[in-house]
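> Build the 3D model from these lines:
(2 chains)
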Amino acid sequence: MRKGLLATIAFTAAFTATTAVSGLLSGAAQAADPIKVGAIVSATGPASFLGDPEKKVLELYADRINKAGGVDGRPVQLTVYDDGGAADKAASFTKRLIESDGVDVIVGGTTTAATMAAVPLVERAGVPFISLAGAVVIVEPVKKWVFKTPHTDRMAAEKVMEDMKKRGLTKLALLSEDSGFGKSGREQTVAVAKERGIELVADETYGAKDTDVTAQLTKIKSNASAQAVLVFGLGQGPAVVTKNYRQLGIALPLYQSHGVASKEYIRLAGGAAEGVRLPAAGLVVAAQLADSDPQKKVVTEFTKVYEDSFNTEVSTFAGHAYDGLMIALDAVKRAGGTDKAKLRDAIEQTKGYVGTGGTVTMSAKDHMGLTLDAFHMVEVKQGDWALVK
Amino acid sequence: MFAELLQYLLSGLTIGAIYALAGLGFSIIYNASHVINFAQGEFIMIGGMASATLTASGVPLPLAILIGCGGAMLVGVLVAKFAVERARNASTVTLIIITIGASIFLRGVAELVWGKDFKRLDAFSGETPIQVLGASMQPQSLWVVGTAGVLIVAIGLFFARTLTGKAILATSHNRLAAQLVGIDVKRVVLASFALSAALGAVGGAVVAPITFSYTEMGIMLGLKGFTAAVLGGLGHGPGAVAGGLIVGIAEALGAGYISSAYKDAVAFVIILAVLLFMPNGLFGKRGTERV
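Take a look at the predicted model:
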């Protein structure tokens, strides 16, 4: 921890120093080659609530960094393509980024499907790639050129079960969404439950667009052995589940995944969301983090910049994109340029980078670099997130 | 055991009433113009979005529903006038494609107007669940079932008692004959579009507190409504209602007793079975006889 903190301070100092120096030299730096950053995000389509904030943040920060003089005097040249949520488009845009735009590093792949479509291309071409998608398959097994910033669904399952153990609960009923996110979440939950000695007593699913899930919940309710319920889903589905849950008067503790970690969920589910627990990044509870928390400064500042610029509530997904861009640029600095092999090695050597998702320390075996500490268990209290101590 | 079954039935009844409203809209337009209007789901969406956004900005709920209704009727008339009427002599398939195009267009416009977010509408009479013999339902479910009931009766009376209603019936029986006795069949088609749009919009407003409203809410509701209409016999009003309830209850029972993974498949199995074994549905006599 101490080492991590020191590294953080060193990194922050280095970052401030370089931006200040390059600010002074910006007149001379204009002639420098740009750092070419490519991005593929799902700014439109079904995953737009993830991809739209990501795109906005990449553009915002590329602009801010350039105004401050760039990185080592080199401006950031950002090329963003919108794959509309389609994996095949993601693949062809990746190809374009590599072949015609000649980018040095790629950030993106909003969804797991889009990311996995891009993976073989970046692997073959040897371009560092930082994904913004959730599933564990992106970094397990480790792929040479592929990294990712968000927490995995596996971590969410682990965090929930850790909390259950703390409360002395061992029998879990699972209700997962019939979508890529939900399916992967279900698989991970099943696997983690086995490892952690939690018994899965129900395994139900619901459709992403279902308007009523009381049938599934009734089944869970009449299952006498369940001690807690975990819902794995995105968008409005989990809010419908939450409302139905209260309607049926189920008294068991209700857990959700990090897929609902936005104010949107509380707004939709209303009073029914009270008491729901879920794992979330420090970003959603920025103000409640302890002052000693190394993340506090980063997330508070990011929240302020984001909300001032876009006039909407900050989103954890925007944070993933921010982390991706910052890790890439930090690596450019440490690699002393944009040689792709050196850049890849530098990303892999990222140590103690404090981002919106947590403290990132990568290694040859770990291309995500987050530990369970990066997740905070939060509970909905009076229409807002409250840290569970 | 019994409470469980009752819960499935109640859940099924609520979703079924929503499907029934959507199915009724299909039937009305099919009767008047022999068009299967796949933009029916979008009328529901317009009603839901309008009432959710207007109440959020302070408009009282009844007025918001009325405005949503008016807006949907206007859209319905425009679709009929500029898309369907112009292709009067086109084949059925072409007309269906036109309505699918209209639905995609309307969704796009709605996204520009209202954005991509989900909108929330408060339940009309609170969210304290009603307990019935060990099962429970949201008060809003009663609103849905009640509104569906009232609208169905009103539509029945409209066709039986009013001149316009009879004109629509006459047109559905024989377009040429209706024209010969002086019925303006073009206006009849417009009227039927306006009517089913209003029906959809009211339905959308009533279900919004349960489903949330968003620009794509009409797709699934429209599809299930179509299943309901086909099951009941296309063009048969009470049949569409019965069809909706059957689909809703079958879904709930399927999710409860078989597996929730196959819930949506239930509707499609039903529609396939009906098309294969009873192409005229449960109540339809050669499909188009009466409303």
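> Show me where the stretch 151-300 of chain A has its helices.
With DSSP state H, counting those that start in this stretch as the definition, the stretch 151-300 of chain A shows helices at residue ranges A:153-166, A:180-196, A:214-221, A:237-247, A:263-269, A:295-310.
> Of those, which is nearest B:Leu223?
Proximity to B:Leu223, assessed across the helices of the stretch 151-300 of chain A by C-beta to C-beta, is greatest for helix A:237-247 (17.5 Å). Bear in mind the C-beta positions are built from the backbone N, C-alpha and C, glycine included.
> packing partners for the closest one?
Where contact means 3 or more C-beta pairs under 8 Å, 6 or more residues apart in numbering or on different chains; DSSP states H and E, helix A:237-247 is packed against strand A:171-177, helix A:214-221, strand A:228-232, strand A:254-256, helix A:263-269, helix B:185-211.
> Quick check: A:Arg96 touching A:Val80?
No: here A:Arg96 lies out of contact with A:Val80, judged by C-beta atoms under 8 Å, at a distance of 11.9 Å.
> returning to what we had before: now the helices and strands packed on helix A:237-247 as CSV including mean neighbour count, distance to B:Ile271 and mean pLDDT?
Output for these, formatted as CSV (neighbours: other C-beta atoms under 10 Å in any protein chain shown; distance: least, C-beta to C-beta, whole Å; pLDDT from 0 to 100):
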stretch, mean neighbour count, distance to B:Ile271, mean pLDDT
strand A:171-177, 24, 24, 93
helix A:214-221, 25, 20, 88
strand A:228-232, 26, 30, 95
strand A:254-256, 25, 34, 95
helix A:263-269, 20, 31, 86
helix B:185-211, 26, 20, 89
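> Output the set of residues of the stretch 1-150 of chain B in proximity to chain A.
Taking C-beta under 8 Å from any C-beta of the partner chain as the contact definition, the stretch 1-150 of chain B meets chain A at B:4, B:7-8, B:10-12, B:14-15, B:18, B:116-118, B:120, B:122, B:127, B:129, B:136-138.
> Now restrict the residues you listed to buried residues only.
Buried subset of those (neighbour count, 16 or more other C-beta atoms under 10 Å in any protein chain shown): B:4, B:7-8, B:10-12, B:14-15, B:18, B:117-118, B:120, B:127, B:129, B:136-138.
> Just to be sure, which of those are found in strands?
Per DSSP state E, strands hold the following members of these: B:136-137.
> Out of the buried ones among the residues of the stretch 1-150 of chain B next to chain A, which sit inside helices?
Members of these lying in helices (criterion: DSSP state H): B:4, B:7-8, B:10-12, B:14-15, B:18.
> gap between B:Ile183 and chain A?
Separation of B:Ile183 from chain A (C-beta to the nearest C-beta, to the nearest Å): 39 Å.
> Who are the contact partners of that residue?
Shown in contact with B:Ile183 (C-beta atoms under 8 Å, 6 or more residues apart in numbering or on different chains): B:167, B:170-171.
> Could you do B:Ile98 as well?
B:83-84, B:87, B:90.
> same deal with A:Lys342?
With the criterion set at C-beta under 8 Å, 6+ apart, A:Lys342 makes contact with A:335-336.
> What helix or strand is it located in?
Remark: A:Lys342 resides in helix A:340-348, with elements defined by DSSP states H and E.
> Mind listing what's buried along that helix?
In helix A:340-348, counting by 16+ other C-beta under 10 Å, buried: A:340, A:342-344, A:346-348.
> for stretch A:67-83, same thing?
Buried, per 16+ other C-beta under 10 Å, within stretch A:67-83: A:69-83.
> low-scoring pLDDT stretches of the chain, where are they?
By default, I'm working from chain A. Within chain A, the ranges that satisfy pLDDT under 70 run A:1-31.
> Switch to chain B, please.
The model of chain B has pLDDT under 70 over residues B:284-291.
> distance between the helix holding A:Lys342 and the chain's centre?
Relative to the centre of its chain, helix A:340-348 is centred 21 Å away, using C-alpha atoms, centre = their mean, to the nearest Å.
> Name every strand pairing with the next helix or strand after that helix and say which way it goes.
Later in the chain than helix A:340-348, the nearest helix or strand by DSSP H and E is strand A:353-354. Strand A:353-354 has the following strand partners under DSSP bridges: strand A:359-360 (antiparallel).
> helices or strands next to the helix or strand that the partner strand is followed by in the packing?
Going down the chain from strand A:359-360, the next helix or strand is strand A:375-381, by DSSP H and E. Applying 3+ C-beta pairs under 8 Å, 6+ apart, we find strand A:375-381 packed against helix A:153-166, strand A:277-281, strand A:384-387.
> Which strands border strand A:375-381, and is each parallel or antiparallel?
strand A:277-281 (antiparallel), strand A:384-387 (antiparallel).
> Apart from its neighbours in sequence, what residue is nearest A:Val192?
A:Ala157 (4.3 Å; C-beta to C-beta, 6 or more residues apart in numbering or on different chains).
> brain fart, B:Ala255
Nearest to B:Ala255 is A:Ala215, by C-beta to C-beta, 6+ apart, at 3.8 Å.
> on that earlier part again, of all the buried residues of helix A:340-348, which comes closest to A:Ala321?
A:Ile347 (15.6 Å).
> distance of that closest one from B:Ile152?
63 Å (C-beta to C-beta, to the nearest Å).
> Whichever residue of the stretch 51-200 of chain A sits closest to chain B - how many residues pack around it?
Closest approach between the stretch 51-200 of chain A and chain B, counting by C-beta to the nearest C-beta: A:Asp178, at 7.0 Å. Counted with other C-beta atoms under 10 Å in any protein chain shown, residues neighbouring A:Asp178 total 19.
> re earlier: quick one: which two of the ones in helices among the buried ones among the residues of the stretch 1-150 of chain B next to chain A are the most distant?
B:Glu4 and B:Ile18 (22.3 Å).
> How about stretch A:311-331 and chain B, any contact?
No: against chain B, stretch A:311-331 shows no contacts by C-beta under 8 Å from any C-beta, the least distance being 9.8 Å.
> For that stretch, buried residues please.
For stretch A:311-331, by 16+ other C-beta under 10 Å, it's A:314-331.
> Which of those fall in helices?
A:316-331.
> what's the nearest residue to the residue in the stretch 101-250 of chain B positioned nearest to chain A if we skip its chain neighbours?
Nearest residue of the stretch 101-250 of chain B to chain A: B:Thr211, at 4.0 Å (C-beta to the nearest C-beta). In space, B:Thr211 comes closest to A:Thr211 once its chain neighbours are excluded; the distance is 4.0 Å by C-beta to C-beta, 6+ apart.
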